[in-house]
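# Take this sequence and fold it.
(one chain, ligands or ions: 2)
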Amino acid sequence: MTLTGLENSDLKLIIFGGKGGVGKTSCAVATALALSENFKTLLISTDPAHSVSDCLGQQIGYKIVKVDGASNLSAIEVVADEALSVFKETHQSELKKLLTTSTNLDNDDINEMLNLSIPGIDEIMSFKTIIDFIGEGLYDKYVVDTAPTGHALRLISSPKMLDAWIKVAAKMRWKYRYLITSFAGSYKQDEVDAFLLSLKKTVKRIEGLLQDKAKCNFIPVCIPETMAISETIRFLADLRAFNIEARQIVINHVNVSEDCSFCKRRKAGQLKYIEQINEIFSELNKIEIPDFAEEIQGLESLKKLRKFLFGNQLNTQTP
Ligand SMILES: Nc1ncnc2c1ncn2[C@@H]1O[C@H](COP(=O)(O)OP(=O)(O)OP(=O)(O)O)[C@@H](O)[C@H]1O
Ligand SMILES: [Mg+2]
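Ligands and ions are numbered 1, 2, ... in the order given. Next up, the predicted model:
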């Protein structure tokens, strides 16, 4: 089988996730390359390890750059820390005012509070950067490479965490509003209310996009090994808890060679895991990728991987 449905015009966001080292970056980059044959595509790395740069053999940074040798493909690194510091800088005054108007903290305490992280905010800011890109509509497809499982889950659970924070902040504001109304007779919404409202809208937009099966596809990458299978089971269950359904799965590093007795043993050893994967993930479209003799680095080897992911042409069928 090959990856299907990624060409559908409604589908904007494709996110690869999975255990460490299973081939997420390779698959994300090869997918972005394949899609860029027909679509203007932006490859987004949310992994602080800069592995997209290594995989492409080209430096990718915090600004969008064109990928050499692929005319319709651009790439960018969106790293949570960076996105968060931009957010703090932009909203410093609203955050400060939220604390001065709703708490008895003095200036030093407030500055200390501002240095603490709001739960989920760094991840949500990287996601906000992504949906802002989608909102700008400059690209047809956005392919996201994530860091190992825990990170992808943090990314996905960030809207819920931030939502809980907004609720507490709104409650604090409600008390402040009550006081003002009691003294002044009325209350006029200020920039802090507007700020909380826009955060809430961001959370909703992100949740809406992640849960929209027509717009967003989550593709787990797994390998035929016990630990990777267990982690994928947990990962998909966690996704389901956020109302996110995966429809296809990449099974990477499948041994196909029988050229030597070692290769034969490796292949035989993987068989039971492949069977397990077929059974456990029976409802998913499965794409098997062989274990290549060489690492996947640079356009030529990525094109080889692309062939296994998509065949000779992209498949528009929805899985
Ligand atoms: N099918 C394959 N055959 C041979 N080498 C592969 C294959 N898939 C991936 N690799 C190699 O395995 C290594 C890990 O792959 P990759 O970086 O894509 O994994 P990852 O899941 O993104 O890792 P991380 O969790 O560290 O981000 C890379 O050196 C890559 O070139
Ligand atoms: Mg990676």
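
# Need the phi and psi values for G20.
Per-residue torsions, G20: phi -60, psi 140 (degrees, to the nearest 10).

# again with G17
Taking degrees, to the nearest 10, you get phi -140, psi 170 for the backbone angles of G17.

# Quick check, it in contact with V221.
Yes - the pair G17 and V221 qualifies as a contact (CB atoms under 8 Å) at a distance of 7.3 Å. Using the backbone N, CA and C atoms, a C-beta is placed for each residue, glycine as well.

# Overlap of the contact sets of these two?
K24 (CB atoms under 8 Å, 6 or more residues apart in numbering).

# Which residues of this structure lie near ligand 1?
Neighbours of ligand 1 within the chain, by CB under 6 Å from any ligand atom: 20-26, 47, 51, 147-148, 252-253, 289, 291-292, 295-297.

# buried residues in the one helix or strand K128 maps to?
K128 is part of helix 121-136, with elements assigned from DSSP states H and E. Buried positions in helix 121-136, judged by neighbour count with 16 or more other CB atoms under 10 Å: 121-131, 133-134.

# how about the residues of the stretch 51-200 of the chain near ligand 2?
S51 (CB under 5 Å from the ion).

# change it to 8 Å
Counting by CB under 8 Å from the ion, the residues of the stretch 51-200 of the chain lying close to ligand 2 are S51, V52, C55, D145, T146, A147, P148.

# among these, who's most crowded?
Compared across those, D145 has the highest neighbour count, 27 neighbours, by other CB atoms under 10 Å.

# Now for that one: which residues touch it?
With contact set as CB under 8 Å, 6+ apart, D145 has these partners: F16, K24, T25, A28, V29, L43, I44, S45, T46, D47, S51, V52.

# about what we covered before: put together a markdown table for the buried residues of helix 121-136, with pLDDT on each row.
Below are the buried residues of helix 121-136 laid out as a markdown table (pLDDT from 0 to 100):
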| residue | pLDDT |
| --- | --- |
| I121 | 75 |
| D122 | 74 |
| E123 | 78 |
| I124 | 79 |
| M125 | 79 |
| S126 | 81 |
| F127 | 82 |
| K128 | 82 |
| T129 | 87 |
| I130 | 89 |
| I131 | 85 |
| F133 | 91 |
| I134 | 90 |
